[in-house]
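Participant: Here's a sequence, model it:
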Amino acid sequence: MSDIQFNRPIRVLVAKVGLDGHDRGARIIATTLRDAGMEVIYTGLRQTPEMVVNTALQEDVDAIGISILSGAHMTVFPKVMALIKEKKMGDVLLTGGGIIPADDMAELKKIGVGELFPPGTSTADIVTYITNWVHTNRNF
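Facilitator: The predicted structure follows:
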């Protein structure tokens, strides 16, 4: 884990977008982030990109993490990224994980999506990544 100190807890929105009904991984990540001292808002299942970004804006989050296993990642992440830019939330990390082929991960990074984590990634690595990203890119 990290020894970086902030004036307040890091706020992360964890979301499941679309019809993907498998939320075990998202709930594990939400619990892990909470155990690491972060404030976690878990939106639950069947969210739209608009719902996710609006909630992120209302909750003043530092990061949005999307769990996706449905194969819709090349639609969901670009839509969420476009909404983030539209709402002028460019200092909010968009990250996530699930079943995402490496070539698609590379394409999503080109449009500004952060690290994407496949199943089996160490939860400590995810905590460290979000903590370091927030420390580098957010000012609070």
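Participant: Might one say that residue 70 is in contact with residue 19?
Facilitator: Yes: using C-beta atoms under 8 Å, residue 70 is in contact with residue 19, at 6.4 Å. Yep, even glycine has a C-beta here, placed from its N, CA and C like the rest.
Participant: Neighbour count: those two, which is higher?
Facilitator: The residue with more neighbours, out of residue 70 and residue 19, is residue 70; 17 against 9, by other C-beta atoms under 10 Å.
Participant: pLDDT at residue 19, what is it?
Facilitator: At residue 19, the predicted lDDT confidence score is 79.
Participant: what's the distance between it and residue 115?
Facilitator: Using C-beta to C-beta, to the nearest Å, one obtains 25 Å as the distance from residue 19 to residue 115.
Participant: Can I get the one helix or strand residue 30 maps to in PDB, CA atoms only?
Facilitator: With secondary structure defined by DSSP states H and E, residue 30 is part of helix 24-35. Coordinates of the C-alpha atoms in helix 24-35 are reproduced here as PDB (Å, rounded to 0.1, in the frame of the first residue of the first chain):
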ATOM      1  CA  ARG A  24     -18.800  -9.900  -7.500                       C
ATOM      2  CA  GLY A  25     -15.500  -8.300  -8.800                       C
ATOM      3  CA  ALA A  26     -16.900  -4.800  -8.400                       C
ATOM      4  CA  ARG A  27     -18.000  -5.500  -4.900                       C
ATOM      5  CA  ILE A  28     -14.500  -7.000  -4.000                       C
ATOM      6  CA  ILE A  29     -12.800  -3.900  -5.400                       C
ATOM      7  CA  ALA A  30     -15.200  -1.500  -3.600                       C
ATOM      8  CA  THR A  31     -14.500  -3.300  -0.300                       C
ATOM      9  CA  THR A  32     -10.700  -3.300  -0.900                       C
ATOM     10  CA  LEU A  33     -10.700   0.400  -1.700                       C
ATOM     11  CA  ARG A  34     -12.800   1.100   1.400                       C
ATOM     12  CA  ASP A  35     -10.400  -1.000   3.500                       C
END
